[in-house]
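# Quick one, structure for this:
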Amino acid sequence: MDALIERAAKDITSAKYVAALTGAGISVESGIPPFRGKGGVWEKIDPSYAEINRFMRDPADVWRVLIKEMKDLIDRAKPNNGHKGLAKLEEMGILKTVITQNVDGLHQMAGNTDVIEFHGSFARLQCMMCDKTCHSREVDLSEIPPRCECGGIYRPDIIFFGEIIPPETLRRSGDIASQCDVMLVVGTSAIVQPAATMPIIAKQSGAKVIEINPERTPLTGSISDYLIMGKAGEVMNGIISVISDR
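Just a heads-up that it's a prediction; the model follows:
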């Protein structure tokens, strides 16, 4: 792994435009389970609770079963070394943008300033009446569903099943993927579309795709130039250490 970390550090520091695509694997190390797969949220909760029609029919029920649990997890979570490593790359002037499939706000908490959230964020709430937004930590759950001071119901600022990803999110992500010369793919299974298309766009546009994952994905050996197999925090620590020593 050390040789690959050295290679990644060299590729990253030689690049003019580095972008990152992140998925659930980077946040597992912060205690946030993935939605899909073993130990995922959908093993415990019926995925229909994430449908916009169900929320609109009975927001209190969806708040009690799904949103409250996600709020509790995210309110307690802290960025791990994977998030901190990406923030450090931005601080160094190397990383420009993070495109994330995650809904926890941990990239922003770590210090990344340009974060494209494909699926929105449970860390923010939005009033359905006046559109006011606030951080989920600021909202009291003594009443469910919680309400804004205007009387409107708060909803998480996520993309529910049945809602479309904002066109601007897709446009910007595609532009960044086509412009970057290195894309870091960190902690994602590269299955969920349309985010999984971004490394393909990057590769087709001539970028190097560096995969950081504990296991192989559909990108491995075809789209990614190489895979550094390991936990996001451990690998990012190694890359930052090598870059800092140069």
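# Now tell me what touches the lowest-mean-pLDDT helix or strand in the chain from outside.
Here the helix or strand of the chain ranked lowest by mean pLDDT, DSSP states H and E is helix 41-44, holding a mean of 85. Residues from elsewhere that reach helix 41-44 (C-beta atoms under 8 Å, 6 or more residues apart in numbering): 33, 34, 35, 36, 66, 69, 70. C-beta here means a position set from N, CA and C on the backbone, and glycine is covered the same way.
# And that helix, what's buried?
Buried residues in helix 41-44, defined by neighbour count with 16 or more other C-beta atoms under 10 Å: residue 41.
# count of residues packed around residue 149?
Summarising burial for residue 149: neighbours were counted as other C-beta atoms under 10 Å, giving 8.
# how near is residue 167 to residue 174?
Using C-beta to C-beta, to the nearest Å, residue 167 is found at 11 Å from residue 174.
# Which of these two has more residues huddled nearby?
Neighbours were counted for residue 167 and for residue 174 using other C-beta under 10 Å; residue 174 has more, 17 against 8.
# got a list of what the more buried one touches?
The contact partners of residue 174, taken as C-beta under 8 Å, 6+ apart, are 198, 201.
# any idea which helix or strand carries it?
Using DSSP states H and E, residue 174 maps to helix 167-179.
# Using the record, which stretches count as separate domains in the protein?
Partitioning the chain according to automatic domain parsing yields domains covering residues 1-32+79-119+165-246, 37-76+121-158.
# what's the most buried one of the ones you listed?
The densest packing among these, expressed as mean neighbour count by mean count of other C-beta atoms under 10 Å, is seen in domain 1-32+79-119+165-246 with a mean of 20.
# Can you tell me the closest non-neighbouring residue to residue 23?
For residue 23, the nearest residue in space outside its immediate sequence neighbours is residue 188; the separation is 2.6 Å by C-beta to C-beta, 6 or more residues apart in numbering.
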